[in-house]
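Enquirer: following is a predicted model, sequence given first.
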Protein chains: 6
Amino acid sequence: MTRTDRRMADALRPYEIHRHFQKYPAGSVLIEMGNTKVICAASIEDRVPFFLRGTGEGWIAAEYSLLPSATETRTQREAVRGKQSGRTQEIERLIGRSLRSVVDTKALGERTIMIDCDVIQADGGTRTASITGAFVALVEACASFYEKGKIFPVKDFLSAISVGVSHEGEPILDLCYEEDSRAIVDMNVVMTGAGRFVEVQGTGEGRPFTHEELGALLALGEKGCRELISYQKDVLGGELVWLVGREG
Amino acid sequence: MTRTDRRMADALRPYEIHRHFQKYPAGSVLIEMGNTKVICAASIEDRVPFFLRGTGEGWIAAEYSLLPSATETRTQREAVRGKQSGRTQEIERLIGRSLRSVVDTKALGERTIMIDCDVIQADGGTRTASITGAFVALVEACASFYEKGKIFPVKDFLSAISVGVSHEGEPILDLCYEEDSRAIVDMNVVMTGAGRFVEVQGTGEGRPFTHEELGALLALGEKGCRELISYQKDVLGGELVWLVGREG
Amino acid sequence: MTRTDRRMADALRPYEIHRHFQKYPAGSVLIEMGNTKVICAASIEDRVPFFLRGTGEGWIAAEYSLLPSATETRTQREAVRGKQSGRTQEIERLIGRSLRSVVDTKALGERTIMIDCDVIQADGGTRTASITGAFVALVEACASFYEKGKIFPVKDFLSAISVGVSHEGEPILDLCYEEDSRAIVDMNVVMTGAGRFVEVQGTGEGRPFTHEELGALLALGEKGCRELISYQKDVLGGELVWLVGREG
Amino acid sequence: MTRTDRRMADALRPYEIHRHFQKYPAGSVLIEMGNTKVICAASIEDRVPFFLRGTGEGWIAAEYSLLPSATETRTQREAVRGKQSGRTQEIERLIGRSLRSVVDTKALGERTIMIDCDVIQADGGTRTASITGAFVALVEACASFYEKGKIFPVKDFLSAISVGVSHEGEPILDLCYEEDSRAIVDMNVVMTGAGRFVEVQGTGEGRPFTHEELGALLALGEKGCRELISYQKDVLGGELVWLVGREG
Amino acid sequence: MTRTDRRMADALRPYEIHRHFQKYPAGSVLIEMGNTKVICAASIEDRVPFFLRGTGEGWIAAEYSLLPSATETRTQREAVRGKQSGRTQEIERLIGRSLRSVVDTKALGERTIMIDCDVIQADGGTRTASITGAFVALVEACASFYEKGKIFPVKDFLSAISVGVSHEGEPILDLCYEEDSRAIVDMNVVMTGAGRFVEVQGTGEGRPFTHEELGALLALGEKGCRELISYQKDVLGGELVWLVGREG
Amino acid sequence: MTRTDRRMADALRPYEIHRHFQKYPAGSVLIEMGNTKVICAASIEDRVPFFLRGTGEGWIAAEYSLLPSATETRTQREAVRGKQSGRTQEIERLIGRSLRSVVDTKALGERTIMIDCDVIQADGGTRTASITGAFVALVEACASFYEKGKIFPVKDFLSAISVGVSHEGEPILDLCYEEDSRAIVDMNVVMTGAGRFVEVQGTGEGRPFTHEELGALLALGEKGCRELISYQKDVLGGELVWLVGREG
């Protein structure tokens, strides 16, 4: 089997996270996973959804969008159609839920961290790249209001990756668009620094899958997530890494 | 540990599928899983989405809705708000994708089977009950146009169930609403008659989950799906069961 | 002249009202008029529209919807189209207005009774069946918060029926869909237990109608409404019937 | 009893129809009924709704709108809210249905006559004034394409008026806004030149109404409609009056 | 060169402003510029947009709409399409901004003057006619709440006109629709009584334009605006003219 | 007077255009004007709006959007609100109209060039930066299908810049956000390589402006546009510069 770009079955694409990408948001990164490029920004708002008002707890919400020019064939703008697609909302729910799973919303205080993932180039894996990049922006944003001696709101690291069974029947890691569109099983794995699952979403696109395949995919996903968390630590640097999981 | 209704951890709620529930659609059932009740209808339309026109292939699409009166507190009607929620669209995509995984769309011909899942009472597990019930309506609908000697479009049985880790840390099967709202891990499993996975969607709501928990949940899910497929066979009766998987 | 189902011109279709059809709403019935089946639920909300805030008065509002699978040819879901049709809103206004005409909104207190009429099978007369069924759900809902010695909010009985001039020129009662689609005059009559009109809506679909025809249609409508009110009393039973019109 | 403007109970308000009010539509009038003023325009479009394509038949559709400045308190623009209210759509359906009842859609040919009723001042009775005015615009529009020797598409005259039972219990004709808002029964009557009913829509706003009241209201409505049809004939003039009902 | 209606290049079309056109708004005029006719109404609302609450300052907002029957070919109603076009919103922003430039919003107090410009016949120049007419309605509305000895909120006169370079290359004033649709440069000029510019919006439709052409167009626009302001003074009459610019 | 960043009154901010910014569109640049950063992409679609079908002519359309994270305070996403603001549509119309003014739509053939301007950081002048950047992307896109010996669709260079009168009364070039929000006159100038105006849009935000001020602003705008066109030529390089204006 040869992959589109001659990678090994268990290899990630070249990746890079650029910090401080934008001037105004409290956290902002550009993440690149191969040709997939996503701007992930974290903005702090001093209000929470109505169901949290007066509770002292905070919230994390995410929005996701593709620039029309991000895809091989231009994608219609959702603002023009007047509504978001089901796919967009499904991705936004996944990103928000994943990030909330490693956040202590009480330590956040009555604030909303608004995560914006804007895809400027899409070549597969945009939702998992969004989670991996948004985590870094989230740590940046929380550091901006953190006061020494308190609990840091981010409790653990978090990354995500796609895995799948290729059209040739082989489990592969970090699918590009061409691989993804031909895969017969497609799975997204979101993991914490402690090696636990936050989300496992597997779909048999071309045919159902067996217990064995599921096991192989989970192992690949774990490998990819670990490597990305290691890279997040490099990118954040000692001081910020030290904050994650601080309890005072 | 005691479950809300004193069930064993690995027991399904009382279930029942009533066939021929409505007069007009080609297939129509009422499925009850405990207090959850869903009308699943399958209507045949002689057209396909634009991307299949002229290909000879068919399509399965699903729509899902809650009656406002189906929930403990009345739910606002989506037609009044003017748009469907992200949750609704995510469920519709799941139902459609799951059913398509056991259908030979070429054998369907250029037809769309439109699946409507209308929840008239919601007590947890509405999306998995929708899949289990819709499968029966789908077989009814396909039988209505099937001609002897041809490939029957439905290739295998299909059922779905929810599993989770209770707030007391125990893996349980077929969660009712109260159990679901307190669960710390929540998972939906969709399986075929051949015992393969079509969808595995697990989410750590309260905390991430381990490999061991994932294994226990998959085993419970498999148990539940097998029992439901056995019941689907009883309900469909010999003649229709015989059709599923026929290749001529 | 022979009617579709060999009924007499002045005969109702077989009818039945099932009480306590759903678990959660304060009132819930399934009404069947021939093949027309409607779930009518009454939910109590502790708030009123802005124009009644602080007045001590309550409100009754109604929503109406067809399941897509309720009609011979599948009907598109209004939540998908993103808006309710004019027909839907016209029916909702009629149901709400009719029920309010027999309710003492002061005795209701600052509550809204939300009426949901969800048609699960449509064979003509869905709006009149909705009114007849919703009245029973309304009485159930009001009984749930009624305190002895106070005025009961429902002042009189209420039922509704369709009448029309058939394509053969004969006045007929309770038209099924096929009769309705061929009728040359179409009229809905809503009446109280005291035999007074709440709504009379007659339309010359195929041709204008005369004074004589109008008289014949009103007489038929009155006959049908009286029979349905008599049945509502049977279904509600002595205790609830006794409450309607109570002034303390 | 004294009416707001000292009229007799059975008197119409001062009325006037100005023809050729706008330059571009095929028919255009300004109708005034007391302070109520409506621009009624009839435009011809060379296409029909999809259900009539290829049948040789035509269609009449109506749209109705209030200028924001037409009412005592400014009304929000429906284009700003992004949708039409249920009331607007109910009125549009009434106007369209009423006009179609006196039109031979085959004689119209495959054309749509689009009726626009734009209320520039609203003081009660805007929907009935719209029908009465739109009828004149419709005749103007049909005359513009009529060819001698053919059937004229408009078969009979048509007018409409509101009647009601005043808050003092007296049946009155042509209610202004203040009378209408206090009326206990409200009815709209649409009649043909032959004295037949096209629509009878009566509603007990404050209390149900009796057979006797219904009879009195119908008689008043008939009186008002006859007077308006007589005036329509004056306004249209001999040549156009002569066309209405022509069969070749 | 001959203009469509044989006017001189620097001549306005016949114009007229009818005051007190509607009964309910605080200010209401009908302005005619040739065949262009616009109802301009000014309504007073005792609230301001959220960003002005509690500041003591007022606001002027404008809405603009075409009756469907106002144009040569019927225009679809924006309330039916469910949204306003970009052109409509651009015009509304222009009208609001222009009027605010001559208003002392502090002297207005916490009130919104809502300007409605409803075009009943459109033959070019509807946005500039709207501004010229709305100014008169605005003065009427402000006079209705003005108390002697205070600053009058309207500080200076305001009018607007279109100018352009005809398809024959000649600068012309006050273009009708036919001229406008063939013009190669199109410009709108809004001026104050003091002869200063409030808006200059020039667009090269067919080709870019030179400094010289720009100069010629500005001179024509100034001539037209001055003539219209002189007419506004005649129409308002001495007492209201005296108020404009009053500082106590 | 000192400007926010100590620039001279007639100086542009530091500017830069990065070509080939995205992989998929036919043309794509990132333009920076100070802290304002816009991705401008030009995609080719093989269809034209309905009014050009079969004419052999092409079209240029533009869409404009701000990333939510582009502004000092996060901006709500238009896809979430369900509609584009008036400001967005006004900018899109301006960009499209400006680019079309230097394009020979016949030479384009029946193609649409879709221009997407996505602002990733906003510090004033986003609409003019969009035009200047989009021009470069447009030339790239047209070069991709240009065949030797034909007319090149882009006829002349095009750039745009903002000018204004500062709150201190001085005319200044290329306003940043802080200067823009305090300016008393605001103007956008779009010019061609031949030094002609395509758009001149001046607004008196704080007070009306005089002839003299208008003249000074036009001169500044011209200076800025010339400098940007000179830079566009550097960026495009000899071969592409040579194409602009080619007639065979």
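Expert: Done, it's in.
Enquirer: does any part of the lowest-mean-pLDDT helix or strand in chain A sit near chain C?
Expert: Lowest mean confidence among the helices and strands of chain A (mean pLDDT, DSSP states H and E): helix A:78-81, at a mean of 78. No. Helix A:78-81 lies apart from chain C when judged by CB under 8 Å from any CB of the partner chain; the minimum separation is 10.9 Å. Bear in mind the C-beta positions are built from the backbone N, C-alpha and C, glycine included.
Enquirer: tell me what that helix is packed against?
Expert: Under the contact criterion of 3 or more CB pairs under 8 Å, 6 or more residues apart in numbering or on different chains; DSSP states H and E, helix A:78-81 touches helix F:78-81.
Enquirer: list the contacts of the helix it packs on.
Expert: A:63, A:65, A:77-79, A:81, A:83-84, A:88, F:65, F:84-85, F:88 (CB atoms under 8 Å, 6 or more residues apart in numbering or on different chains).
Enquirer: check those and tell me the two furthest apart.
Expert: Among those, the pair separated by the greatest distance (CB to CB) is A:Thr88 and F:Ser85, at 19.8 Å.
Enquirer: list the buried residues in the host helix or strand of A:Phe135.
Expert: Element membership for A:Phe135, per DSSP states H and E: helix A:126-145. Applying a neighbour-count criterion of 16 or more other CB atoms under 10 Å in any protein chain shown, one finds A:126-143 buried in helix A:126-145.
Enquirer: just the pLDDT for A:Ile95.
Expert: Model confidence at A:Ile95, given as pLDDT, is 97.
Enquirer: same thing with A:Ser98?
Expert: 96.
Enquirer: skip the chain neighbours and tell me the closest residue to it.
Expert: Spatial nearest neighbour of A:Ser98, excluding adjacent residues (CB to CB, 6 or more residues apart in numbering or on different chains): A:Val190 at 4.7 Å.
Enquirer: the helix or strand where the one you found lies versus helix A:126-145: what angle between them?
Expert: A:Val190 is part of strand A:185-192 when elements are defined by DSSP H and E. The directions of strand A:185-192 and helix A:126-145 differ by 10 degrees, with axes from the mean of the first three to the mean of the last three CA atoms, to 10 degrees as the criterion.
Enquirer: what's the next secondary structure element after strand A:185-192?
Expert: Immediately after strand A:185-192, counting by DSSP H and E, sits strand A:197-204.
Enquirer: whichever of the contacts of helix F:78-81 end up buried, select them in PyMOL.
Expert: Burial among the contacts of helix F:78-81 is assessed by 16+ other CB under 10 Å; the matching PyMOL selection reads:
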select buried, (chain A and resi 63+65+77+78+79+83+84+88) or (chain F and resi 65+84+85+88)
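Enquirer: relative to chain C, which of the contacts of helix F:78-81 is nearest.
Expert: Taking CB to the nearest CB as the measure, chain C sits nearest to A:Lys83 out of the contacts of helix F:78-81, at 7.5 Å.
Enquirer: Three-state assignment for the closest one, please.
Expert: At A:Lys83 the chain is in coil, as set by DSSP: H, G, I helix; E, B strand; the rest coil.
Enquirer: dump the residue contacts of it.
Expert: B:83, C:82, F:79, F:82.
Enquirer: give me the local confidence score for the residue of chain A found nearest chain D.
Expert: As assessed by CB to the nearest CB, chain D sits closest to A:Gly82 within chain A, at 9.3 Å. Looking at A:Gly82, its pLDDT reads 73.
Enquirer: the residue lying closest to it once chain neighbours are set aside: how many residues sit nearby?
Expert: Among residues not flanking A:Gly82 along the chain, F:Gly82 sits closest, at 5.2 Å (CB to CB, 6+ apart). Look at F:Gly82: counted by other CB atoms under 10 Å in any protein chain shown, it has 18 neighbours.
Enquirer: and if you look at A:Val244?
Expert: Neighbours of A:Val244 using other CB under 10 Å come to 22.
Enquirer: surely it and A:Pro153 touch.
Expert: No. Applying CB atoms under 8 Å as the test, A:Val244 and A:Pro153 come out as separate, 9.6 Å apart.
Enquirer: pLDDT below threshold where in chain A?
Expert: Residue ranges of chain A with pLDDT under 70: A:1.
Enquirer: circling back to that earlier point, where do the contact lists of A:Val244 and A:Pro153 overlap?
Expert: Common neighbours of A:Val244 and A:Pro153 (CB under 8 Å, 6+ apart) do not exist.
Enquirer: which residues does stretch A:62-77 contact?
Expert: A:78, A:88, A:91-92, A:95-96, A:99, A:114-122, A:126-127, A:130, A:134, A:177, F:22, F:24-25, F:28, F:39, F:41, F:43, F:45, F:63, F:65, F:68, F:77, F:79-80, F:114, F:116, F:118.
Enquirer: measure it end to end?
Expert: 18 Å (CA to CA, to the nearest Å).
Enquirer: which one is A:Ala216 nearest to, not counting chain neighbours?
Expert: That would be A:Pro171: by CB to CB, 6+ apart, it lies 4.3 Å from A:Ala216.
Enquirer: on the three-state scheme, the residue sitting furthest away from the middle of chain A is what?
Expert: Outermost residue of chain A with respect to the C-alpha centroid, by CA atoms, centre = their mean, is A:Gly54; its distance is 29.7 Å. Under three-state DSSP, A:Gly54 falls in the coil class.
Enquirer: roughly how far apart are it and chain E?
Expert: Distance of A:Gly54 to chain E, given as CB to the nearest CB, to the nearest Å: 22 Å.
Enquirer: also A:Arg47?
Expert: Taking CB to the nearest CB, one finds A:Arg47 at 15 Å from chain E.
Enquirer: can you list the residues of chain A near chain B?
Expert: Counting by CB under 8 Å from any CB, the residues of chain A that sit close to chain B are A:83-87, A:89-90, A:92-93, A:97, A:101, A:191-192, A:194, A:196-204, A:207-211, A:214, A:218.
Enquirer: got a list of what A:Asn221 touches?
Expert: No, residue A:221 isn't Asn; it's Gly. A:161, A:163, A:173, A:187, A:189, A:191, A:200.
Enquirer: with neighbour count and distance to chain E added, can I get these in TSV?
Expert: TSV is the format used below for these (neighbours: other CB atoms under 10 Å in any protein chain shown; distance: CB to the nearest CB, whole Å):
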residue	neighbour count	distance to chain E
A:Ile161	28	40
A:Val163	29	42
A:Leu173	24	45
A:Met187	25	40
A:Val189	26	41
A:Met191	27	43
A:Val200	24	40
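Enquirer: can you tell me which two in those are farthest apart?
Expert: A:Leu173 and A:Val200 (15.0 Å).
Enquirer: the closest residue to A:Val165 other than its chain neighbours: neighbouring residues, count only.
Expert: Nearest in space to A:Val165, with sequence neighbours left out and distances taken as CB to CB, 6+ apart, is A:Val185 at 3.9 Å. When counting by other CB under 10 Å, one arrives at 24 neighbours for A:Val185.
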